[in-house]
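> Coordinates for the following, if possible.
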Amino acid sequence: MRSFVFCSSLLLTVASAVAQSATVDAPLWNGKDLSGWHGQRTMDPVKFAAMPADKRGKLLAEDAASVAKHWRCEDGELINDGHGAFLTTDKEYGDAVFEIEYKTVAKADSGIYLRETPQVQIWDYTEAGGKWNIGADKGSGGLWNNKNNERFPPACYDKPFGEWNRMSIMIIGERVWVTLNNHTTVNGVRMENYWDRTKPMPKQGRLQLQTHGGEIRFRNMSVRELDGESANQFLASSDFHAYMPVFNGTDFTGWQGATDNYEIIDGAIRCKQGKGGNLFTNEVYQDFSVRCQFKVPPGGNNGLAMRYPGKGDPAYAGFELQVLDNTAKKYANLKPYQYHGSAYGMAPALRGYQRPVGQWNFQEVTMVGSRVTVELNGFLILDADLKDLKSNLPKHVGKDNAAGHFGFCGHNDAVSFRDIRIRGL
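Below you'll find the model as predicted:
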């Protein structure tokens, strides 16, 4: 599990890690009625959205009747009797921080669905509850539906039945942080897409309050939506001191190659428009993790030079991880292995996880042996073992290099990079 700076309140964490968010805390519930919420059963949101409108409308009407029967508002509390459709926000959320208070009863089993995906667990933690065999003894606040990543909290932090619990949840990309009663229960763990584990979590979705087996009450619910800049800064704050800066923000000390074809603008390395060439570190790396932020102009194209020997075209002499404006019309007919994050010529990355053109993105690339992973804005978009892959590039002699330089492969576009940090592994 990654080690993240994590305070007792996620909102305090964000406030300290982020200079200023573009949005402020807003109530999730008005404390009086169900305005802004509707009933919606648990279902793959992709399949739900693909339903014919009339069929989807029928299901929503049934769920609305279920909510009317099983949910009520009373004295500033939102109460469910343990049955019925899930209460679901009308609004979809991407990167966000949620603050929620709840209290429940013996035998109850509930949870918070993020982007309509299960779930941050809430349940009866006692032996009498009958679910110690599936982890209830470890307490609430975990990602119970994970299979390959961490599922359970480090300890049980639930308050006794009848007392209010306070839960803070932050999700950035598919990374999740949770505190329960000021104790960390999830610390930057990747939340798996329960509906299709071959894909990351959806970029956006509704928050749902699960109903399951016993009364649960909610109150004091709020949300802070995070803009890209805030999310980038928080992602960069994890293990911050383990990653050493390789660019000082002012000159090309520590770098070599086509320095005349790049410029430094506002603390970022930018390829000069109409220029190109390879800019790479003096240092050579074997196994390493590199973090940087990048920004592409419309139609922008560049690349990350990986294990580059210092001579020749990095795409052939080492290998290249593509940096590209995936949305540009001129790139509509590229091969799958030519889009952003792909191991060029070998392994295609998942698409759809870049921020809008002109905004900064946060990317982390990890190289261990022949395995390379690319995480973009908190989403894992590439996980490939290159030794098992045949390159589609002729004379690709460097894909299996054991070590080499790290750098950038300029292709005549003003693509920018900043906050470049490397951790040797």
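
> how close does residue 326 get to residue 334?
9 Å (CB to CB, to the nearest Å). Using the backbone N, CA and C atoms, a C-beta is placed for each residue, glycine as well.

> For these two, indicate the residue with more neighbours.
residue 326 (19 against 15; other CB atoms under 10 Å).

> surely the more buried one meets residue 339?
Yes - with contact defined as CB atoms under 8 Å, residue 326 counts as touching residue 339 (5.3 Å).

> list residues touching both of these two?
Both residue 326 and residue 339 are contacted by residue 351, under the criterion CB atoms under 8 Å, 6 or more residues apart in numbering.

> what comes up buried for stretch 382-389?
382, 384, 386, 389 (16 or more other CB atoms under 10 Å).

> Let me see the contact set for residue 221.
27-29, 78, 98-101.

> Now residue 111: which helix or strand?
strand 109-114 (DSSP states H and E).

> how distant is the helix or strand just after that strand from the center of its chain?
Counting by DSSP H and E, the next helix or strand C-terminal to strand 109-114 is strand 117-123. The chain centre lies 18 Å from the centre of strand 117-123; the measure is CA atoms, centre = their mean, to the nearest Å.

> List the strands paired with strand 117-123, with their directions.
Sheet pairing of strand 117-123 (DSSP bridges) gives strand 109-114 (antiparallel).

> quick one: the strand it pairs with to chain centroid distance?
19 Å.

> Identify each buried residue in it, please.
Applying 16+ other CB under 10 Å to strand 109-114 flags 109-114 as buried.

> re the thing from before, export the buried residues of stretch 382-389 as TSV, with columns for secondary structure and distance to residue 172.
Compiled in TSV, the buried residues of stretch 382-389 are given as follows (DSSP: H, G, I helix; E, B strand; the rest coil; distance: CB to CB, whole Å):
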residue	secondary structure	distance to residue 172
382	strand	18
384	strand	23
386	helix	28
389	coil	30
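
> Can you tell me which of these lies closest to residue 40?
residue 382 (32.7 Å; CB to CB).

> just the helices in the protein please.
10-17, 45-50, 53-70, 228-237, 314-317 (DSSP state H).

> how about those, which one is nearest residue 378?
Across the helices of the chain, residue 378 has its closest neighbour in helix 228-237 (6.1 Å, CB to CB).

> if we can go back for a sec, I'd like the buried residues of strand 109-114 as CSV, with pLDDT and distance to residue 363 appended.
Below are those laid out as CSV (pLDDT from 0 to 100; distance: CB to CB, whole Å):
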residue, pLDDT, distance to residue 363
109, 92, 38
110, 94, 36
111, 96, 31
112, 98, 29
113, 98, 28
114, 98, 23
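
> Low-confidence bits of this structure, can you list those?
Within the chain, the stretches with pLDDT under 70 are 1-23.

> quick check: domain ranges of it?
10-232, 239-424 (automatic domain parsing).

> Of the helices of the chain, which stretch is the most buried?
helix 314-317 (a mean of 23; mean count of other CB atoms under 10 Å).

> Which elements pack onto it?
Secondary-structure packing of helix 314-317 (3 or more CB pairs under 8 Å, 6 or more residues apart in numbering; DSSP states H and E): strand 301-308, strand 405-411.

> Make TSV out of those and add distance to residue 258.
TSV is the format used below for these (distance: least, CB to CB, whole Å):
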stretch	distance to residue 258
strand 301-308	11
strand 405-411	7
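
> so which of those gets nearest residue 361?
strand 301-308 (12.3 Å).

> Take that closest one, keep the C-alpha atoms, and write them as CSV.
Extracted C-alpha coordinates of strand 301-308, given in CSV (Å, rounded to 0.1, in the frame of the first residue of the first chain):
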residue,chain,number,x,y,z
ASN,A,301,2.7,15.1,-29.6
ASN,A,302,5.7,14.1,-27.5
GLY,A,303,6.9,11.1,-25.6
LEU,A,304,8.7,9.8,-22.6
ALA,A,305,12.1,8.2,-23.5
MET,A,306,12.5,5.1,-21.4
ARG,A,307,15.9,3.3,-20.8
TYR,A,308,17.3,5.3,-23.6
